[in-house]
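Novice: Return atomic coordinates for the entry below.
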Amino acid sequence: MSELADRLDNIAGTIRKDFQEKDAAREKAIPLCREAIRYCGNSIRAAI
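Specialist: Sure, this is the predicted structure:
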């Protein structure tokens, strides 16, 4: 049973690492998306 628990711990660790990497990428992208939206809004207002 210990071997099974070890394997599950390894799988859980891999999944946790994957989610942390995805979350870090998302957190990095959010401000860039907001900046792009602001620029789009400014360009639309300038064109009117």
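
Novice: Helix or strand for Ala25, just tell me which one.
Specialist: Assigned by DSSP states H and E, Ala25 belongs to helix 2-47.

Novice: any idea how far that helix is from the chain center?
Specialist: Mean C-alpha position of helix 2-47 versus that of the full chain (CA atoms, centre = their mean, to the nearest Å) differs by 0 Å.

Novice: which helices and strands sit right next to it?
Specialist: Applying 3 or more CB pairs under 8 Å, 6 or more residues apart in numbering; DSSP states H and E, we find helix 2-47 packed against no helix or strand. To be clear about C-beta, it is placed using only N, CA and C from the backbone, and glycine gets the same treatment.

Novice: Give me the average confidence score over that helix.
Specialist: Across helix 2-47, pLDDT averages out at 97.

Novice: Now stretch 32-48: buried residues?
Specialist: The neighbour-count check on stretch 32-48 (16 or more other CB atoms under 10 Å) flags nothing as buried.

Novice: Residues touching it, excluding its own?
Specialist: Counting contacts by CB atoms under 8 Å, 6 or more residues apart in numbering, no residue outside stretch 32-48 touches it.

Novice: would you put the C-alpha positions of that stretch in PDB?
Specialist: Written as PDB, here are the backbone C-alpha positions of stretch 32-48 (Å, rounded to 0.1, in the frame of the first residue of the first chain):
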ATOM      1  CA  LEU A  32      -0.700  42.600 -20.400                       C
ATOM      2  CA  CYS A  33      -4.300  41.900 -21.500                       C
ATOM      3  CA  ARG A  34      -5.600  44.900 -19.500                       C
ATOM      4  CA  GLU A  35      -3.000  47.100 -21.100                       C
ATOM      5  CA  ALA A  36      -3.900  45.900 -24.600                       C
ATOM      6  CA  ILE A  37      -7.600  46.600 -23.800                       C
ATOM      7  CA  ARG A  38      -6.700  50.100 -22.600                       C
ATOM      8  CA  TYR A  39      -4.800  50.800 -25.800                       C
ATOM      9  CA  CYS A  40      -7.700  49.500 -27.900                       C
ATOM     10  CA  GLY A  41     -10.200  51.700 -26.000                       C
ATOM     11  CA  ASN A  42      -7.900  54.700 -26.500                       C
ATOM     12  CA  SER A  43      -7.600  54.100 -30.200                       C
ATOM     13  CA  ILE A  44     -11.300  53.700 -30.600                       C
ATOM     14  CA  ARG A  45     -11.900  57.000 -28.800                       C
ATOM     15  CA  ALA A  46      -9.300  58.700 -30.900                       C
ATOM     16  CA  ALA A  47     -10.900  57.500 -34.100                       C
ATOM     17  CA  ILE A  48     -14.300  58.900 -33.200                       C
END
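
Novice: Nothing else from me, thank you.
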